[in-house]
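Trainee: Fold the following, please.
(one chain, ligands or ions: 1)
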Amino acid sequence: MKVISVVGARPQLIKLAPIAAAFASTEHEHMIVHTGQHYDADLSDVFFSGLGIPDPDIHLGIGSGSHGVQTGKALAALDPVFLAEKPDWVLVYGDTNSTLAGALSAVKLHLPVAHLEAGLRSFNRMMPEEHNRILTDHAADLLLAPTEEAMRHLAAEGLAARSTLVGDVMVDVCLNVRDAVLAGRHPAPALPEGIRPDEPYLLATLHRAENTDSRQRLAMLLDGLADLPVPVALLAHPRLVAKAEEHGIKLARGAVHVGRPLPYAGMVAAVLGSAGVVTDSGGLQKEAYLLARPCTTLRPETEWIETLVDGWNRLVPDPSAHSRSEWIDIATRPAPTAAQGTPYGDGRAAHRVVETLAAK
Ligand code: UD1
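Mentor: Numbers count the residues shown, from 1 in each chain. Got it, this is the predicted structure:
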């Protein structure tokens, strides 16, 4: 069996790591095509080296652009690759513009497409990720779902016959890296200046279009972070840096200390070292849950509803709608004492993905 994985953005590289490792233990041929949607070393290269992923076989170098330009460039560049390579499966990941381009190119060439992390829904039709995941699920031949909830969403859209529950590959990688971090096999993470690893801090990220594109909304969220009584380590995604500059908003003020994005093991270590997480990232919400740190999510909804059980994750779309003390109480609350279930599977999802592809 020959499988082509199409990746392009940071969260896809994290999911690719356990898949590439699972393929490496088999006879199957696995090719990696990187669209180049993320091109900064901080968002791309360090994930390949840090997670032991083989270099991409093909790099398309599409870069940034409007959704149409970015998706269209990837689509046009993927056609000749798929035609030349004739894979048995094209495997696309998550919900980025690269995911949609990979699925669309493959399906139009009558190549079988599998979607990893299928069935997630925010039901927020303003989100580019929601467009990408719905369109990809409906185009794909095989839907590899991470959770029971995702399976229910797929069934509700008439896609049950194409869906298989494999579990979440993020568990595979997160728990492996956690064990390596706890065993001291990774250097201490490069936290922002002013953050002391031996004193309580909150770890924050902010990058979603719906939180960064409007000046007013971004300023409100940053005011909320600046106002907290605990130091906040804000690991700034390039989109956040670019948008803050465009809006004339200063990131570092009050409690906020700004640093660069971290490689994966650094991120896991930074979560483990933190008192809690404040974020709008999907992946980080789940990493906080898996690493047993309370998370506050700056969005009105989450695709990962399992993290909300027992208050491990709390949704705060609008910190300014709360009184200052209420907001502080939420963001600095201690970890719940309730035991967690294993809604994201057993850490063997990647092997199940390879077995499922080979069996079809
Ligand atoms: C993308 C995904 C999002 C994912 C996120 C993770 C889409 C629609 N969104 O959002 O689902 O959670 O990646 O990081 O695909 N930029 C750089 N260097 C880079 C990449 C981006 O400076 O290496 C800047 C550029 O100014 C660019 C902006 O970030 O215009 C946005 O990048 P883009 O790839 O469009 O989407 P993300 O916001 O990163």
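Trainee: other SSEs contacting the helix or strand of the chain with the lowest mean pLDDT?
Mentor: Lowest mean confidence among the helices and strands of the chain (mean pLDDT, DSSP states H and E): helix 45-50, at a mean of 95. Counting contacts by 3 or more Cβ pairs under 8 Å, 6 or more residues apart in numbering; DSSP states H and E, helix 45-50 is packed against helix 10-24, helix 264-273. Heads up, the C-betas are built off the backbone N, CA and C, glycines and all.
Trainee: and the next element down the chain from the last one?
Mentor: I take that to be helix 264-273. strand 276-279 (DSSP states H and E).
Trainee: circling back to that earlier point, give me the next element, helix or strand, following the least confident helix or strand of the chain.
Mentor: Counting by DSSP H and E, what follows helix 45-50 is strand 58-59.
Trainee: residues near Gln216, how many?
Mentor: As a burial measure, Gln216 scores 8 neighbours (other Cβ atoms under 10 Å).
Trainee: In the protein, what residue spans correspond to helices?
Mentor: 10-24, 45-50, 67-85, 97-108, 128-139, 148-156, 169-182, 209-212, 215-226, 238-247, 264-273, 282-290, 324-331, 349-359 (DSSP state H).
Trainee: now, of these, which is deepest in the fold?
Mentor: Among those, ranked by average contacts under mean count of other Cβ atoms under 10 Å, first place goes to helix 97-108 (a mean of 25).
Trainee: ok, that one near the ligand or not?
Mentor: Yes: judged by Cβ under 6 Å from any ligand atom, helix 97-108 comes into contact with the ligand through Asn97.
Trainee: same question, stretch 252-262
Mentor: No: using Cβ under 6 Å from any ligand atom, we find that stretch 252-262 stays clear of the ligand, coming within 8.4 Å at best.
Trainee: In the stretch 151-300 of the chain, what residue lies closest to the ligand?
Mentor: Pro238 (3.1 Å; Cβ to the nearest ligand atom).
Trainee: and that residue, what does it touch?
Mentor: Shown in contact with Pro238 (Cβ atoms under 8 Å, 6 or more residues apart in numbering): 40, 42-43.
Trainee: Residues of the stretch 1-150 of the chain that sit close to the ligand?
Mentor: 9-11, 37-40, 43, 64, 70, 95-97, 128-129.
Trainee: With distance to Met1 as added columns, please give the helices of the chain in TSV.
Mentor: Below are those laid out as TSV (distance: least, Cβ to Cβ, whole Å):
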stretch	distance to Met1
helix 10-24	9
helix 45-50	23
helix 67-85	13
helix 97-108	15
helix 128-139	21
helix 148-156	24
helix 169-182	18
helix 209-212	37
helix 215-226	45
helix 238-247	36
helix 264-273	28
helix 282-290	28
helix 324-331	47
helix 349-359	5
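Trainee: Looking at those, which is nearest to Glu306?
Mentor: Evaluated over the helices of the chain, closeness to Glu306 peaks at helix 148-156, with 6.9 Å, by Cβ to Cβ.
Trainee: how about that closest one as PDB, C-alpha atoms only?
Mentor: Below are the C-alpha coordinates for helix 148-156, written out as PDB (Å, rounded to 0.1, in the frame of the first residue of the first chain):
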ATOM      1  CA  GLU A 148     -17.700   8.900  19.900                       C
ATOM      2  CA  GLU A 149     -19.000  12.500  19.700                       C
ATOM      3  CA  ALA A 150     -17.300  12.900  16.300                       C
ATOM      4  CA  MET A 151     -18.900   9.600  15.100                       C
ATOM      5  CA  ARG A 152     -22.300  11.000  16.200                       C
ATOM      6  CA  HIS A 153     -21.800  14.200  14.100                       C
ATOM      7  CA  LEU A 154     -20.800  12.100  11.100                       C
ATOM      8  CA  ALA A 155     -23.900   9.900  11.500                       C
ATOM      9  CA  ALA A 156     -26.100  12.900  11.800                       C
END
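Trainee: tell me the contacts of whichever residue of the stretch 51-200 of the chain sits closest to the ligand?
Mentor: Relative to the ligand, the nearest point of the stretch 51-200 of the chain is Thr96 (3.1 Å; Cβ to the nearest ligand atom). By Cβ under 8 Å, 6+ apart, the contact list for Thr96 reads 8-9, 11-12, 37, 129, 132.
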